[in-house]
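Asks: okay, predicted coordinates and the sequence, questions at the end:
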Amino acid sequence: WGEGFTGISGFKFKDYTQITKAEAQQLLQRLTGVRAAGPLVEQKFSSFVLTIDNILKMVAVYFRVSAGISVVIMGETGCGKTFSISYLSAFLSIPFFKLDVHGGIGEPEVKEFMVEPIRLAQDGSTVWVFLDEVNTCDALGLFKEMLCDHTMDGKLLPSSLKILAACNPYRVRPPSMLRSGGLTVVKDDGDKSAMRSDLVYVVHPLPETLLDYVWDYGTLNKEEEKRYIASMLRTEFEKMKRGLFDMAGAQLESFITLFAETVVNAHEFLRSYYDGEVSVVSLRDVARCIKLFAWFQDAGPRIKSIQEGTEVGTAPERALESMVLAVCHCYHFRLMEDPPLDEDGNDTKGRKEFKEEMTKVAKDHAFVRQHCDAKIRKALSKEETRSKLAGNKFGLELKEAEEAKDDHKVAKLLSKGAEKGKKEMVKGLTWYKETLTATMRIFMEGMMHEDDEGRKFLPAGIAPNEALTENIFMCVPPSCLRDPHPPPA
């Protein structure tokens, strides 16, 4: 599907990886025999990304349901299982009911949920019921009966009622996922109740009968993931009001490719950090990152206004800063500052290496070369040594603050006591890190009180240390967006 190929008599097959959304919908219409997409498609799924990958998966679901074969999809969280089934039902104009299964749900709740779908299907109308994450609760016996026998409590369900399900993989965590910079659970070797916590997903084993109907939904490869991310970005940028995101044309497309490549590389870094475990990042993280980017774009000028003498910058520069802050918020703080050695005694990657990898993506990209200020290009590509600062008071204070890993003090020294030349002479404090550190400092100062002389301070007993600074940065944007976020490592 990726590049097209030449068949018999020189017939050239189409490269379906390059189809537009309209072409993808037409293809899905032909494959399912639907004359037009349902009215809810554009209302509820305008941001849904259609690719040849998910079209083939939806068509496979459609044919299985049409043939009366039970559908049980297994896939990683955030790989698009739920959204694609919801989209397909809306595309086919079929009433759709979804039950989000979790550990607190029992058989009574499932039976209560099924009352309305059963009522609607009594007259022969097709109704879909989707049971999401069925292996997270203890009602697997009932789910097996509904999916395999098409009965509930021994009573036959309407033939027009189609039941689909999704489940999470039953897989043991790699050792790297047990790393933590905070609280850890110490288990007693004899405690069998803790065995499920060793799994990537806290799930129950599926009944043997259900296993015959399970099929792997798969994961996205790097190029497919990049296409998904680019399409998600285009959709969201179209919604952003003029002025909030003041770029268009070739400039906008160049930024989209930079953003997509940065997020894909962030995903690759985290998967490598966790020994190849694919579940640590997903498209849900991408959606969260884009939402945070929009927030930083909107709040950026107000954040800059707090720091006297700070220029807001051009549209490309503001977009680059917002991208860096959003990527840091979603991915950087999941990593440990000083990760332990691996099982072979070798160093493992952490936050420093993550910043270096993200900087590499940006500094060589066409967007930075063509649309960003020379100062930013220099900061992204050049690092001077600290030797020029050695021997003076500023250099010694800065060195002590860096060795103590006090980012708040580092940023304060740079903004208060350092000239521009001194900022550029500090090895390792790249534009990437400086952007993050300066924003974290502004957030911290926003939490402080101010005395009559303009000096800022925290209440007695509270120190503006690294941990507090990071947690404030992690809490403020999600609180404004009311969006859940992972805690820093």
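Replies: Arrived safely. Numbers count the residues shown, from 1 in each chain.
Asks: do you know how far the closest residue to Ser282 other than its chain neighbours is from Asp216?
Replies: If the residues on either side of it in the chain are set aside, Ser282 comes closest to Gly78, at 2.4 Å by Cβ to Cβ, 6 or more residues apart in numbering. C-beta: built from backbone N, CA, C; applies to glycine. Distance of Gly78 to Asp216, computed by Cβ to Cβ, to the nearest Å: 15 Å.
Asks: next, count neighbours for the nearest residue to Phe143 once chain neighbours are set aside.
Replies: Closest residue to Phe143 apart from its sequence neighbours, by Cβ to Cβ, 6+ apart: Val134 at 4.9 Å. A count of nearby residues for Val134, using other Cβ atoms under 10 Å, gives 27.
Asks: what is the end-to-end distance of stretch 16-36?
Replies: Across stretch 16-36, the terminal residues are separated by 21 Å (Cα to Cα, to the nearest Å).
Asks: quick one: the residue nearest to Ser282 and Val278 touch, right?
Replies: No - look at Gly78 against Val278 with Cβ atoms under 8 Å: they stay out of range, at 10.1 Å.
Asks: ok, the spatially most central residue of the chain - contacts?
Replies: Nearest to the mean C-alpha position of the chain, by Cα atoms, centre = their mean, lies Asp285 at 0.8 Å. Neighbouring residues of Asp285 by Cβ atoms under 8 Å, 6 or more residues apart in numbering: 78, 267, 330-331.
Asks: 10 Å - rerun?
Replies: Listed by Cβ atoms under 10 Å, 6 or more residues apart in numbering, the contact set of Asp285 reads 78, 263, 266-267, 270, 330-331, 334, 486.
Asks: format the residues you listed as CSV; extra columns: secondary structure.
Replies: Output for the contacts of Asp285, formatted as CSV (DSSP: H, G, I helix; E, B strand; the rest coil):
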residue, secondary structure
Gly78, coil
Val263, helix
Ala266, helix
His267, helix
Leu270, helix
Cys330, helix
Tyr331, coil
Arg334, helix
Pro486, coil
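Asks: please pick the buried ones from these.
Replies: Neighbour counting by 16 or more other Cβ atoms under 10 Å classes 78, 263, 266-267, 270, 330-331, 334 among the contacts of Asp285 as buried.
Asks: now the helices for the stretch 151-300 of the chain?
Replies: In the stretch 151-300 of the chain, helices defined by DSSP state H, counting those that start in this stretch lie at 208-211, 222-239, 249-273, 283-306, listed in chain order.
Asks: which residue is the nearest non-sequential neighbour of Gly300?
Replies: For Gly300, the spatially nearest residue (Cβ to Cβ, 6+ apart) is Arg318, at 5.6 Å.
Asks: next, give phi and psi for the one you found.
Replies: Arg318 adopts backbone torsions of phi -60, psi -40, taken as degrees, to the nearest 10.
Asks: which of the buried ones among the contacts of Asp285 sits closest to Cys372?
Replies: In terms of Cβ to Cβ, no member of those lies closer to Cys372 than Val263, at 18.8 Å.
Asks: residues in contact with the closest one?
Replies: So, once contact is read as Cβ under 10 Å, 6+ apart, Val263 ends up touching 225-226, 229-230, 232-233, 281, 285-286, 289-290, 323, 326-327, 330-331, 358, 361.
Asks: repeat the analysis, applying 7 Å as the threshold.
Replies: The contact partners of Val263, by Cβ atoms under 7 Å, 6 or more residues apart in numbering, come to 229, 286, 289, 327.
Asks: wouldn't the second one be in contact with Ile229 here?
Replies: Yes - applying Cβ atoms under 7 Å as the test, Val286 and Ile229 come out as touching, 5.4 Å apart.
Asks: out of these two, which sits in the busier spot?
Replies: Using other Cβ under 10 Å as the criterion, Val286 and Ile229 rank with Ile229 on top: 26 against 23.
Asks: how close does the more buried one sit to Asn265?
Replies: Ile229 sits 11 Å away from Asn265, going by Cβ to Cβ.
Asks: swap in Met474?
Replies: As defined by Cβ to Cβ, Met474 lies at a distance of 21 Å from Asn265.
Asks: same question, Pro478
Replies: Taking Cβ to Cβ as the criterion, Pro478 is separated from Asn265 by 23 Å.
Asks: what do you get for Glu321?
Replies: Taking Cβ to Cβ as the measure, Glu321 and Asn265 are separated by 18 Å.
Asks: possible to save the helices of the stretch 151-300 of the chain as JSON lines with mean pLDDT?
Replies: Formatted as JSON lines, the entries for these read as follows, by pLDDT from 0 to 100:
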{"stretch": "helix 208-211", "mean pLDDT": "87"}
{"stretch": "helix 222-239", "mean pLDDT": "80"}
{"stretch": "helix 249-273", "mean pLDDT": "89"}
{"stretch": "helix 283-306", "mean pLDDT": "82"}
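Asks: could I get those as JSON lines with distance to Leu468?
Replies: Below are those laid out as JSON lines (distance: least, Cβ to Cβ, whole Å):
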{"stretch": "helix 208-211", "distance to Leu468": "48"}
{"stretch": "helix 222-239", "distance to Leu468": "32"}
{"stretch": "helix 249-273", "distance to Leu468": "25"}
{"stretch": "helix 283-306", "distance to Leu468": "18"}
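Asks: what ranges does the stretch 101-250 of the chain have for its strands?
Replies: Across the stretch 101-250 of the chain, reading from the start of the chain, the strands by DSSP state E, counting those that start in this stretch fall at 127-132, 151-152, 155-156, 161-167, 214-216.
Asks: which of those sits most buried?
Replies: Among those, the stretch with the highest mean neighbour count (mean count of other Cβ atoms under 10 Å) is strand 161-167, at a mean of 24.
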